[in-house]
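Asks: give me coordinates for this.
(2 chains)
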There are 2 protein chains.
Amino acid sequence: MRYKCTVMYDGTTFHGFQAQDGIKTIQGEIERALLIINKKPVTIHPSGRTDTGVHAIGQVFHFDSEIDMGEENMRNAINSRIDKAIYLTKVEKVSEEFHARFNAKSKEYHYLIDFGKYNPFNRNYRYYCRFRNVDLKLFKNALSVFVGEHDFRSFTKNQKKENTVRIINSIDFEEEGTLIKIKFIGEGFLHNQIRILVAMALEVGRGKLSIDELKAIMEAKNRLLAPKIAPPNGLYLYKVNY
Amino acid sequence: MRYKCTVMYDGTTFHGFQAQDGIKTIQGEIERALLIINKKPVTIHPSGRTDTGVHAIGQVFHFDSEIDMGEENMRNAINSRIDKAIYLTKVEKVSEEFHARFNAKSKEYHYLIDFGKYNPFNRNYRYYCRFRNVDLKLFKNALSVFVGEHDFRSFTKNQKKENTVRIINSIDFEEEGTLIKIKFIGEGFLHNQIRILVAMALEVGRGKLSIDELKAIMEAKNRLLAPKIAPPNGLYLYKVNY
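Replies: Modelled structure (predicted):
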């Protein structure tokens, strides 16, 4: 029996998604609950990992279990046994052919950046940008450079990866006062890619870099030229499309 | 030199306001910063304490220091040295006659209760009420019983207090979807009073208690008859009026 689960989490107090012995992770927490329900170890398979401090509104994972339970019952069984920072919004029984990672067609990530006054209640949920001289139009134009198919080798932590070409379908903006929500949709993203793109576009917005220089950095395929990274607490895995 | 400070805090990770050796508290955190700035110990005097998990939007405290610094400089000096869950929104130099506790004319507290779907991002910032059969009109009517001058002995943790008569000036409601914000304004509140009032009004909303029975419990001046308490994470000290 294969179960597909959609899950929200506040990543603040977790050391990322991937299970690690003796460390509090999203996967570790969910597998701990599944061990109780299943009475033997169960491995969950996410659409992809998220880093420490990164949040999810619609992360997806699947797991197999011999236990045949109603979808809502399974959802309640897991929700009642996990840390309250994690919450399954949907559980579906799917065919054995479904795979949360391999079947993902595209992903939507949101990055929240706030140029306004600090509010301690939001500190873990958006990036309070302390730069006061950011030209928002330039910032957005810089981000738009990344739409389309590009080799993002300059903008990822994992330089060892052979293929760093990715397609970003769209980058859209939603504003609410001083808060800007940046919506990235793409087939897949490299490790730290979105956080590096946001930080480098900010350099353009601050006048530290021109759009042409940003394009040249992308062409150079060298992370040393893009050494900035925006904090994880502004990033949300919003949706996985299948 | 006396400084009056207005402070916001996310109380989630603190063991309340009051300083306690070896325990993370709001007061302890602020006094630690003031020790660095002042180069000798400084005691702060709040308008009143808040409990573990209770938040503040506009808590006020004062302290004395020989250091004569501009108001904004002092604010920045403290903010840059404290836990990011605490944030001073205002610092004012005041006369030696000002006292944050003794001069407080009234206080406004907000209690946030949500009858809708759980969202892990709000879990520390509102009370997700799991009762599904609450009559909101009855709930509000029950709360209105408390407006005016009453002996709230049945509704406080601290039964030893000699005088438990308090005046609640008003209780107002603001609704946004399934979220209800309850605004309490009064000259002063007893320990745990608001959380007990909310929980007991919920008992009325659930049909477990009539309004007359609630009034009788108030008359009885006996906490054993009011054994419920709403969680701290929905409570905010919103404003102190001088």
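
Asks: could you use CA atoms for every contact and neighbour count after this?
Replies: OK.

Asks: what helices or strands is the lengthiest strand in chain A leaning on?
Replies: The single longest strand within chain A, with elements called by DSSP state E, is strand A:165-176. Identification of packing neighbours for strand A:165-176 by 3 or more CA pairs under 8 Å, 6 or more residues apart in numbering or on different chains; DSSP states H and E yields strand A:148-151, strand A:179-186.

Asks: mind putting those strands into TSV with mean neighbour count?
Replies: Formatted as TSV, the helices and strands packed on strand A:165-176 follow (neighbours: other CA atoms under 10 Å in any protein chain shown):
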stretch	mean neighbour count
strand A:148-151	14
strand A:179-186	19
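
Asks: chain B: which of these is closest?
Replies: The closest of the helices and strands packed on strand A:165-176 to chain B is strand A:179-186. By CA to the nearest CA, the value is 16.7 Å.

Asks: tell me the strands beside the closest one, with direction?
Replies: The pairing partners recorded for strand A:179-186 under DSSP bridges are strand A:106-114 (antiparallel), strand A:165-176 (antiparallel).

Asks: and the helix or strand that it is followed by, what other elements does it pack with?
Replies: Once the chain leaves strand A:179-186, the next helix or strand it forms, by DSSP states H and E, is helix A:193-205. On a contact count with 3+ CA pairs under 8 Å, 6+ apart, helix A:193-205 meets helix A:136-144, helix A:211-220.

Asks: just say which of those is most tucked in.
Replies: helix A:136-144 (a mean of 18; mean count of other CA atoms under 10 Å in any protein chain shown).

Asks: only alpha carbons, please: show it as PDB.
Replies: Taking C-alpha atoms only, helix A:136-144 is exported to PDB below (Å, rounded to 0.1, in the frame of the first residue of the first chain):
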ATOM      1  CA  LEU A 136      13.000  47.300  -6.200                       C
ATOM      2  CA  LYS A 137      12.600  47.700  -9.900                       C
ATOM      3  CA  LEU A 138      16.200  46.700 -10.500                       C
ATOM      4  CA  PHE A 139      15.900  43.900  -8.000                       C
ATOM      5  CA  LYS A 140      13.000  42.400  -9.900                       C
ATOM      6  CA  ASN A 141      14.600  43.000 -13.300                       C
ATOM      7  CA  ALA A 142      17.700  41.100 -12.000                       C
ATOM      8  CA  LEU A 143      15.600  38.200 -10.900                       C
ATOM      9  CA  SER A 144      13.900  38.100 -14.300                       C
END
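
Asks: circling back to that earlier point, give me the buried positions along the longest strand of chain A.
Replies: Under the neighbour-count criterion of 16 or more other CA atoms under 10 Å in any protein chain shown, strand A:165-176 has A:166-169, A:171 buried.

Asks: between these, which is nearest B:Lys181?
Replies: For those, the closest approach to B:Lys181 (CA to CA) belongs to A:Ile171, at 35.8 Å.

Asks: so what's the closest residue to the closest one other than its chain neighbours up against?
Replies: Among residues not flanking A:Ile171 along the chain, A:Phe184 sits closest, at 4.7 Å (CA to CA, 6 or more residues apart in numbering or on different chains). By CA atoms under 8 Å, 6 or more residues apart in numbering or on different chains, the contact set of A:Phe184 is A:108-110, A:168-172.

Asks: just the buried residues of strand A:165-176 now: which is nearest A:Thr12?
Replies: A:Ile171 (25.1 Å).

Asks: let me see the contact set for that closest one.
Replies: Neighbours of A:Ile171 in contact, by CA under 8 Å, 6+ apart: A:143-144, A:147, A:182-185.

Asks: tell me the confidence at it?
Replies: Looking at A:Ile171, its pLDDT reads 98.

Asks: give me the number of residues near the closest residue to A:Phe63 other than its chain neighbours?
Replies: Nearest non-adjacent residue to A:Phe63, counting by CA to CA, 6+ apart: A:Ile44, 4.8 Å away. By other CA atoms under 10 Å in any protein chain shown, the residues close to A:Ile44 number 21.

Asks: which residues of chain A lie near chain B?
Replies: Residues of chain A lying near chain B by CA under 8 Å from any CA of the partner chain: A:8-10, A:84-87, A:119-121, A:123.

Asks: could you pick out the buried ones from the residues you listed?
Replies: The buried subset of those - by 16+ other CA under 10 Å - is A:8-10, A:84-87, A:119-121.

Asks: report the two of those residues separated the most.
Replies: Pairwise distances among these were taken by CA to CA; the largest, 25.0 Å, belongs to A:Tyr87 and A:Asn119.

Asks: related to what we said a few turns ago, any chance of the contacts of A:Ile171 in CSV, plus distance to A:Gly70 and pLDDT?
Replies: Below are these laid out as CSV (distance: CA to CA, whole Å; pLDDT from 0 to 100):
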residue, distance to A:Gly70, pLDDT
A:Leu143, 44, 98
A:Ser144, 45, 97
A:Val147, 42, 98
A:Ile182, 37, 98
A:Lys183, 34, 98
A:Phe184, 34, 98
A:Ile185, 33, 98
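
Asks: closest to A:Cys129 out of those?
Replies: A:Cys129 has its nearest neighbour among these in A:Ile182, at 14.0 Å by CA to CA.

Asks: circling back to that earlier point, hey, what's the residue nearest to A:Ile171 bridged with?
Replies: With DSSP bridges as the criterion, A:Phe184 is bridged to A:Tyr109, A:Ile171.

Asks: chain A - how does it break down into domains?
Replies: The record's domain parsing of chain A by automatic domain parsing lists A:2-94, A:108-241.

Asks: need the distance between the two termini of the last one.
Replies: Taking CA to CA, to the nearest Å, the span from the opening residue of domain A:108-241 to its closing residue is 8 Å.

Asks: same check on stretch A:148-162?
Replies: End residues of stretch A:148-162 are separated by 19 Å (CA to CA).

Asks: residues in contact with that stretch?
Replies: With CA under 8 Å, 6+ apart, stretch A:148-162 has contacts from A:164-170, A:190-193, A:196-197, A:217-226.

Asks: quick one: which of the strands paired with strand A:179-186 is nearest A:Tyr3?
Replies: The closest of the strands paired with strand A:179-186 to A:Tyr3 is strand A:106-114. By CA to CA, the value is 19.9 Å.

Asks: can you give me the angle that closest one makes with helix A:193-205?
Replies: On the basis of axes from the mean of the first three to the mean of the last three CA atoms, to 10 degrees, strand A:106-114 is oriented at 40 degrees to helix A:193-205.

Asks: how far does strand A:106-114 sit from its chain's centre?
Replies: Distance of strand A:106-114 from the chain centroid (CA atoms, centre = their mean, to the nearest Å) equals 7 Å.

Asks: could you point out which element follows that strand?
Replies: Once the chain leaves strand A:106-114, the next helix or strand it forms, by DSSP H and E, is strand A:127-128.

Asks: residues touching the closest residue to A:Gly205 other than its chain neighbours, list them.
Replies: Beyond its immediate neighbours in the sequence, the residue positioned closest to A:Gly205 (CA to CA, 6+ apart) is A:Phe139, lying 4.3 Å away. Residues near A:Phe139 by CA under 8 Å, 6+ apart: A:201-206.

Asks: by neighbour count, which of these wins?
Replies: Within the contacts of A:Phe139, neighbour counts (other CA under 10 Å) peak at A:Ala201, which reaches 27 neighbours.
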